[in-house]
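Asks: pasting the sequence and the predicted model now:
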Amino acid sequence: MLTRAFRKVFFSAAMALGMAILLTACLGQGKKEVEGESVAAEPAPAQPVTPVEVVTEEPEATAEGEPAQDSETREALPPPVIPPVKEGVLLSETYPDLGDGILAAAVLEELNSGELLSSGDVVITEAMFQEELTKIPEEVRGDYAPYGFFILQSMATEPLLNRQVRGDSGAQPGDENWEGLVRDYVDKVVADVKPTEAEMTAFYEENKAMMGDASFEEVKGELEAYLSRDKQEAAFNEHLMNFGKSIGLSLNAPWVETMAARFKENPIDKALAQGKPVLVDFYADWCGPCKLMKPAIDALKETHADKLTVVVVNVDNEPFLANRHKASSIPLLLFYDAQGNLVKRQEGMLQEEELKKELEKIGVS
C-alpha cells in the first residue's frame, strides 16, 4: 500500500482497500487543478490504504504505514537488499491482461513454500495475502475474488518503491525529507514529459463541445497542465511495467495461473466474451457528469439490448476493476467492437448525438 509520502506525490486513483496498484494513475494532483467546465470529468477520490508487511526488520508502523518512532530515536533500517535481474518467463509475456503494473516484468517460477513474491529482502507470503483479505468486509469479500493478483500487486508496490528510494538516498520512510526524496524519484522518471502543440490542438478539436466558447489560446495553459499529467502518468506507468527488468523480482507461477483464471470472471471480460460490441460506463453516484449521462446509458440498455452489451461499473464498488482500466477520471466510457478490440476511450461525458456517433464506430446504429 502507499504511505502518506507516495499519496502526496501521486494523484490517487485508488478507490478502495488495496488500491496501491496505481501509482500509475496517481501522479500529483494536476487533474484537480484543471477540472471544471473545460474538462467534463471528475477525479476519483483518494481512499485510505493499509500498510503491508515485508520480510525486513523495520520498526513498527503507524496506520499510515510510517514508523512510529521519530527520526532521532528509531533504529535505522538495514541497507536495502536489491537482487540482480533474473532470467526467465515474464508475467507480461504469459498474462498480458495482468501485466500493467509493477509486477509486469516479474519472472514466473517456483518459489519457496508459502511464498507468493520474492525480491531480496521483500517477500510476501500466502499468510500475508490471506491476512490482507481479512481487511475486506466479509459481506463483499466474494466480490474481490477475481482480483487476487491485483491485491498482491498493491501489497508489493509500496515496499518495492520505498526500497528503491532508500537505496538511492540512504534515507528511510519517516525521515523529515522523505517526501522530497520521493518527489525526486518521480521527477527523474517524468522529467521533461509534456504534450506537443499538435497533441494539445488535437485534444481541443476532439473535445470542442466541452470548451464552451473558449478559443484554443484561452484554454491552452489549462490543456497543457491536464495533458502533461496524462503523459506523466503514462511515463511512470511504463517505468513501473519495466521495474522487474532492473531488479530480481519473482512470482509464484502456479498461484499466478490460478489468479489469472479467476480474473476472467470480472464483468467486463465476461461481456467481451459474448461476441457483441460492448460499452463500458465507469461512474459514481457522486459524479455530476455521470448523472447527466445516466438517462442515455439506461436507454441504450433497453433499445439496443440485442446488439450491444452495456456494462455499468460503479468505481466505488469495483475499485480493482476501475484501477485495471485506469478510471482516474469519470465518467469514463470504453467502446469495444464485437472482436473485443478497444476502439475508443472517452474521459468525460458525451452528449447523446456524440454517443451515437461513437457507437456507430463499433458497429452499433
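Replies: It's in. Numbering: from 1, shown residues only.
Asks: these two touch, right, residue 270 and residue 264?
Replies: Yes - Residue 270 is within contact range of residue 264, at 7.5 Å (criterion: C-beta atoms under 8 Å). In this view, the C-beta of every residue, glycine as well, is placed from N, C-alpha and C.
Asks: tell me the secondary structure at residue 344.
Replies: Look at residue 344: counting by DSSP: H, G, I helix; E, B strand; the rest coil, its state is strand.
Asks: what about the closest residue to it other than its chain neighbours, how many residues nearby?
Replies: Leaving aside its sequence neighbours, residue 344 sits nearest to residue 335 (C-beta to C-beta, 6 or more residues apart in numbering; 4.0 Å). Here the count is done by other C-beta atoms under 10 Å, and residue 335 has 21 residues near it.
Asks: how about the contacts made by residue 335?
Replies: 277-279, 342-346, 358-359, 361-362 (C-beta atoms under 8 Å, 6 or more residues apart in numbering).
Asks: give me that answer again for 7 Å
Replies: Residue 335 makes contact with 279, 343-344, 358, 361-362, according to C-beta atoms under 7 Å, 6 or more residues apart in numbering.
Asks: repeat that for residue 275.
Replies: The contact partners of residue 275, by C-beta under 7 Å, 6+ apart, come to residue 338.
Asks: try the one 5 residues further on
Replies: Neighbour list for residue 280: 268, 311, 313, 333-334 [criterion: C-beta under 7 Å, 6+ apart].
Asks: please name the nearest non-neighbouring residue to it.
Replies: residue 334 (4.0 Å).
Asks: what do you get for residue 276?
Replies: Distances taken as C-beta to C-beta, 6+ apart put residue 309 closest to residue 276, at 5.1 Å, once the chain neighbours are dropped.
Asks: so the one you found makes contact with residue 271?
Replies: Yes - Residue 309 lies in contact with residue 271 (C-beta atoms under 7 Å); the separation is 4.6 Å.
Asks: pLDDT (mean, whole number) over stretch 295-307?
Replies: The average pLDDT for stretch 295-307 rounds to 91.
Asks: rewinding a little: between residue 309 and residue 271, which contacts overlap?
Replies: Residues touching both residue 309 and residue 271 (C-beta under 7 Å, 6+ apart) are residue 278.
Asks: so these two - more neighbours on which side?
Replies: Ranked by neighbour count (other C-beta under 10 Å), residue 309 and residue 271 place residue 309 first, with 21 against 18.
Asks: now do the strands in the protein.
Replies: Secondary structure of the chain (DSSP state E): strands located at 42-43, 107-109, 115-119, 122-125, 250-252, 278-283, 309-314, 329-330, 332-336, 342-347.
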